[in-house]
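Trainee: next one to model:
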Amino acid sequence: MKPNLRMTIILSIFCALSKPLFSQTNPYASICNIPLPEDYSRVETDKNSFAEWLRNLSLKKSKTVYLYNGVPKKNQSAQFAVIDISVGNKDLQQCADAVMRLGAEYLYAQKRFDEIIFQDNNHHAYKLGSITDRKHFDNYLDNVFAMCGTLSLEKQLKKIKAINELQPGDVLIQGGSPGHAMMVVDVAVNNSGKKIFLLAQSYMPAQDIHIVINPVNKKLSPWFELSDETIYTPEWVFGKGHFRTW
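Mentor: Numbers count the residues shown, from 1 in each chain. This is a model prediction of the structure:
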């Protein structure tokens, strides 16, 4: 084999191995475009509500999940689609941080700056304040992500009184070290009142926020059934009692 031909083959193999493992294209422009199972329709949401805002979040064309440093995540089998929203450039925006990012981004877009408040484990409140430019907002979130986590966010959120009232914007959370948190980003219902929902997460290390697949029910995936007592997600297991609301 000639040297130049040998080098061409080696470089070709190297380039192939360097590409993201999950390079499929996502055909859906936003969360509201993700298809529903037969006989289901999305629950009604109020105009300008958090639920409506989540439902209209844009999705990236690429299905690859990248870490904060631009490196593809090792596990590329958990995601159905990737939300087009910042992950930052530090290892900060992990699971609970992604939930806080989504909540804060909605309030920031609504110019409801006084409502952007998060608490740490000692109940110290972190408020956005009166300076509302984007750089200040991003720095504020970095500070929140460094000081708050699943334990503090679980304390800040409220238990859902009636689980069948689940809405987009509610949170599935288990506080701990480690714990995990995921955001309900859409909900649908059928004529019998049976509800299904979509879940989005970040993980460790900090990475793109992505909608996860349903690893147990591939036919229903990426939707999950609210009737399930145990909720098996690709990288965490929750119980029904782990649902919270704002």
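Trainee: check which helices and strands the longest strand seen in the chain sits against.
Mentor: Counting by DSSP state E, the longest strand found in the chain is strand 180-190. Taking 3 or more Cβ pairs under 8 Å, 6 or more residues apart in numbering; DSSP states H and E as contact, the helices and strands that strand 180-190 lies on are strand 40-42, helix 50-55, helix 95-109, helix 150-156, strand 171-174, strand 195-201, strand 236-239. Every residue, glycine included, has its C-beta placed from N, CA and C.
Trainee: let me see the mean pLDDT of that strand.
Mentor: On average, the pLDDT along strand 180-190 is 98.
Trainee: ok, now stretch 213-220?
Mentor: Averaged over stretch 213-220, pLDDT sits at 97.
Trainee: ok, residue 64 touching residue 78?
Mentor: No - counting by Cβ atoms under 8 Å, residue 64 does not reach residue 78; the two are 11.8 Å apart.
Trainee: need the overlap of contacts for those two.
Mentor: Residues within reach of residue 64 and of residue 78 at once, by Cβ atoms under 8 Å, 6 or more residues apart in numbering: there are none.
Trainee: for residue 220, the count of nearby residues, please.
Mentor: Residues near residue 220, counting by other Cβ atoms under 10 Å, number 13.
Trainee: now for it: which residues touch it?
Mentor: Neighbouring residues of residue 220 by Cβ under 8 Å, 6+ apart: 37, 196, 214.
Trainee: what's the local residue count around the first one?
Mentor: Right, residue 37. A count of nearby residues for residue 37, using other Cβ under 10 Å, gives 12.
Trainee: can you tell me the helix or strand for it?
Mentor: Per DSSP states H and E: residue 37 is located in neither a helix nor a strand.
Trainee: next up, phi/psi of it, please.
Mentor: Dihedral angles of residue 37 (phi, psi; degrees, to the nearest 10) stand at phi -60, psi 160.
Trainee: same check, this time on residue 219
Mentor: Backbone torsions for residue 219, taken as degrees, to the nearest 10, come to phi -70, psi -40.
Trainee: residues contacting it?
Mentor: Counting by Cβ under 8 Å, 6+ apart, residue 219 makes contact with nothing.
Trainee: use 322 as the first number for this chain going forward.
Mentor: Got it, the first residue is 322 from now on, which makes the last one we talked about residue 540.
Trainee: for it, give its distance to residue 530.
Mentor: Distance of residue 540 to residue 530, given as Cβ to Cβ, to the nearest Å: 25 Å.
Trainee: what do you get for residue 460?
Mentor: Residue 460 sits 19 Å away from residue 530, going by Cβ to Cβ.
Trainee: and the spatially closest residue to residue 557 that is not a sequence neighbour, how far is that from residue 415?
Mentor: Of all residues not flanking residue 557 in the chain, residue 501 sits nearest, at 4.2 Å (Cβ to Cβ, 6 or more residues apart in numbering). Per Cβ to Cβ, residue 501 is found 9 Å from residue 415.
Trainee: least confident secondary structure element in this structure?
Mentor: Ranking every helix and strand in the chain by mean pLDDT, DSSP states H and E puts helix 324-339 at the bottom, with a mean of 36.
Trainee: follow-up on the earlier one: touching both of residue 501 and residue 415, which residues are there?
Mentor: Shared contacts of residue 501 and residue 415, defined by Cβ under 8 Å, 6+ apart, are found at residue 524.
Trainee: quick check: residue 544 touching residue 520?
Mentor: No - the criterion here is Cβ under 8 Å, and residue 544 misses it with residue 520 at 9.3 Å.
Trainee: low-confidence regions, this protein specifically.
Mentor: 322-344 (pLDDT under 70).
Trainee: apply 90 and report the result again.
Mentor: In the predicted model, the chain carries pLDDT under 90 at residues 322-345, 450-453, 482, 498-499, 549.
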